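Participant: Provide a 3D model corresponding to the input given below.
(2 chains)
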There are 2 protein chains.
Amino acid sequence: MNSETRLVEVRTRILKDNDVTARELRQRFRESGVYVVSVVSSPGAGKTLFLEKTLTALRQRYRVAALVGDLATENDARRLAQADVPVRQITTGTVCHLEAKMVQAALGDWNLGNLDFLFIENVGNLVCPATYDLGEASRVVLFSVTEGEDKPRKYPTIFHTADLAVITKMDLAEAVEFDADQARASVQAVRPDMPMLELSAKTGQGMATWLEWLDRRSGRGGNPPPR
Amino acid sequence: MNSETRLVEVRTRILKDNDVTARELRQRFRESGVYVVSVVSSPGAGKTLFLEKTLTALRQRYRVAALVGDLATENDARRLAQADVPVRQITTGTVCHLEAKMVQAALGDWNLGNLDFLFIENVGNLVCPATYDLGEASRVVLFSVTEGEDKPRKYPTIFHTADLAVITKMDLAEAVEFDADQARASVQAVRPDMPMLELSAKTGQGMATWLEWLDRRSGRGGNPPPR
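Facilitator: I've put the predicted structure just below:
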């Protein structure tokens, strides 16, 4: 057996371990009645500002909190803490994705029964996080107008495993000559009928639709949609 | 031995295999007198436009070619082919980085003695490509003004292994309120004295400095700078 074959086998085993932990987490989230949303994107697509605005808007009506994954630095946790909600940072070192065990460790004995929504910001990466279930009820994939319309076709796996695609930085759409029709076609080519939103966390455009999407899921911690 | 430990061991073995192949490639590049530059960045930082403009400018004076890595699609190879230079696509499937063996396979029996410069565009990812030597003489890391000034601090490994940092999409700097001083400080914090360029492939700003950087390396295929 060569190294490549061995690696695939070991990866498969780790994924199975991850799935067991993810199942435990999902059970815990359901019992606590917290709706968990994970957010994935490439670095710089605007996850943190998006979450900052989301947390600030939601905390008027809901009890919300966030876990933030990064290779290094606690910058994002500091930024999100400005929304005045509980935030915990997960530092992964050289690992390019969060794993269910990292989420479990970061949660510790946190009383999730006190929460309506928990957001998990994954490491900035359009590849690695795709295959790691974190027990979330919904996974949201972000990509910005500055990244180019063909990102879904180039990184299909992450779009396959997500429940909602959000195009960010719409305020820059004109400056970068963003072609929304082409971007939508690219998403639909990879995942027909995938729900999509277009927004700008900076100007607030589209945020109301996103908050309504969350509203419809509040109190549904016990009924995550099937994957 | 648990799965995690085993994975680390297997990864180490694969890296060693990769280093052996990378050494063979570097030897081949040196003997052929071709200067090889690899380009890494997150998805959407502008690698392809940057290379398109670079190849178009260089081919007036040099014999140039490119290898392009992507998970899926041959979009980038098609785009680069417009520069009217030889281009080969490497499709990695679900692998988040190029490996030396993929480069070797893509090159096949290509007569590199006919080339002055060969560019290798890695898969869009700021994490995985860091630890895979491709035999290149120089590695260039790109990040765009739209990604945020703190990317070097958040993805330090890729900056540690690169020889030049290029800030792209400078034409959007004002629109996104990009703080160049803060970005430079972030690079220098991770890698003091790292050379840096700021440019816009769209407007051409800074491209002359980049082309001079390459000029100084032409005919130096035999003398790659030490890592």
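
Participant: list the buried residues for the lengthiest helix in chain A?
Facilitator: Longest helix in chain A, counting residues (DSSP state H): helix A:3-32. In terms of neighbour count (16 or more other C-beta atoms under 10 Å in any protein chain shown), helix A:3-32 has its buried residues at A:3, A:6-7, A:10, A:14-15, A:17-18, A:21-22, A:25-26, A:29-30, A:32. Any C-beta I mention is one placed from the backbone N, CA and C, and that applies to glycine too.

Participant: chain center to that helix, what's the gap?
Facilitator: 18 Å (C-alpha atoms, centre = their mean, to the nearest Å).

Participant: that one versus helix B:3-32: what angle between them?
Facilitator: 140 degrees (axes from the mean of the first three to the mean of the last three C-alpha atoms, to 10 degrees).

Participant: what packs against helix A:3-32?
Facilitator: helix A:100-107, helix B:3-32 (3 or more C-beta pairs under 8 Å, 6 or more residues apart in numbering or on different chains; DSSP states H and E).

Participant: now tabulate the ones you listed in a markdown table and tack on mean pLDDT and distance to residue B:145.
Facilitator: Converted to a markdown table, the helices and strands packed on helix A:3-32 look like this (pLDDT from 0 to 100; distance: least, C-beta to C-beta, whole Å):
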| stretch | mean pLDDT | distance to residue B:145 |
| --- | --- | --- |
| helix A:100-107 | 96 | 31 |
| helix B:3-32 | 82 | 32 |
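
Participant: C-terminal to the helix-or-strand element of chain A with minimal mean pLDDT, what's the next element?
Facilitator: The helix or strand of chain A with the lowest confidence, counting by mean pLDDT, DSSP states H and E, is helix A:3-32 at a mean of 82. For helix A:3-32, the succeeding helix or strand toward the C-terminus, using DSSP states H and E, is strand A:35-40.

Participant: relative orientation of that following strand and helix A:100-107 in degrees?
Facilitator: Using the same axes, to 10 degrees: strand A:35-40 against helix A:100-107 is 120 degrees.

Participant: how far does stretch A:165-172 sit from the chain's center?
Facilitator: Mean-position distance between stretch A:165-172 and its chain equals 15 Å (C-alpha atoms, centre = their mean).

Participant: dump the helices and strands packed on helix A:3-32 to JSON lines, plus distance to residue A:181.
Facilitator: Below are the helices and strands packed on helix A:3-32 laid out as JSON lines (distance: least, C-beta to C-beta, whole Å):
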{"stretch": "helix A:100-107", "distance to residue A:181": "37"}
{"stretch": "helix B:3-32", "distance to residue A:181": "41"}
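
Participant: for residue A:62, find the nearest of those.
Facilitator: helix A:100-107 (18.3 Å; C-beta to C-beta).

Participant: say whether chain B is contacted by the helix or strand following the closest one.
Facilitator: As assigned by DSSP H and E, the chain's next helix or strand after helix A:100-107 is strand A:117-121. No: Strand A:117-121 stays out of contact with chain B when judged by C-beta under 8 Å from any C-beta of the partner chain, the minimum separation being 12.1 Å.

Participant: pLDDT weak spots in chain A?
Facilitator: Along chain A, segments meeting pLDDT under 70 span A:1-9, A:11, A:220-227.

Participant: kindly recompute the last result at 50.
Facilitator: Where chain A drops to pLDDT under 50, the residues are A:1, A:222-227.

Participant: helices along that one, start to end?
Facilitator: A:3-32, A:47-58, A:75-81, A:100-107, A:151-154, A:156-160, A:180-190, A:207-215.

Participant: now the nearest residue to residue A:93 once chain neighbours are set aside: how far from residue B:107?
Facilitator: Nearest non-adjacent residue to residue A:93, counting by C-beta to C-beta, 6 or more residues apart in numbering or on different chains: residue A:71, 6.5 Å away. Going from residue A:71 to residue B:107 by C-beta to C-beta, to the nearest Å gives 32 Å.

Participant: more crowded one of the two?
Facilitator: residue A:71 (22 against 19; other C-beta atoms under 10 Å in any protein chain shown).

Participant: go ahead and confirm residue A:153 touches residue A:188.
Facilitator: No: look at residue A:153 against residue A:188 with C-beta atoms under 8 Å: they stay out of range, at 10.5 Å.

Participant: the more surrounded of those two?
Facilitator: Counted by other C-beta under 10 Å, residue A:153 and residue A:188 do not tie: residue A:153 has more neighbours, with 18 against 14.

Participant: beta partners of residue A:70?
Facilitator: residue A:91 (DSSP bridges).

Participant: any idea which residue sits dead centre in chain A?
Facilitator: residue A:39 (1.1 Å; C-alpha atoms, centre = their mean).

Participant: and that residue, what is it in contact with?
Facilitator: Residues near residue A:39 by C-beta atoms under 8 Å, 6 or more residues apart in numbering or on different chains: A:47, A:50, A:51, A:119, A:120, A:121, A:122, A:139, A:140, A:142.

Participant: swap in residue A:90?
Facilitator: Applying C-beta under 8 Å, 6+ apart to residue A:90 gives the contacts A:67, A:68, A:69, A:70, A:98, A:102, A:103, A:105, A:106.

Participant: ok, now how distant is it from residue A:151?
Facilitator: Using C-beta to C-beta, residue A:90 is found at 25 Å from residue A:151.

Participant: now residue A:211
Facilitator: Taking C-beta to C-beta, one finds residue A:211 at 25 Å from residue A:151.

Participant: who has more neighbours, the two?
Facilitator: Per other C-beta under 10 Å, whichever of residue A:211 and residue A:151 has more neighbours is residue A:151, with 27 against 15.

Participant: got the contact list for the nearest residue to the more buried one once chain neighbours are set aside?
Facilitator: Leaving out its chain neighbours, the residue that sits closest to residue A:151 by C-beta to C-beta, 6+ apart is residue A:143, at 4.9 Å. Counting by C-beta under 8 Å, 6+ apart, residue A:143 makes contact with A:41, A:42, A:45, A:126, A:151, A:152, A:165, A:166, A:167, A:168, B:43, B:44.

Participant: go again using 10 Å as the cut-off
Facilitator: Counting by C-beta atoms under 10 Å, 6 or more residues apart in numbering or on different chains, residue A:143 touches A:40-42, A:45-46, A:126, A:149, A:151-152, A:155, A:158-159, A:165-169, A:183, A:186-187, B:43-44.

Participant: who does it bridge with?
Facilitator: Beta-bridge partners recorded for residue A:143 (DSSP bridges): residue A:167.
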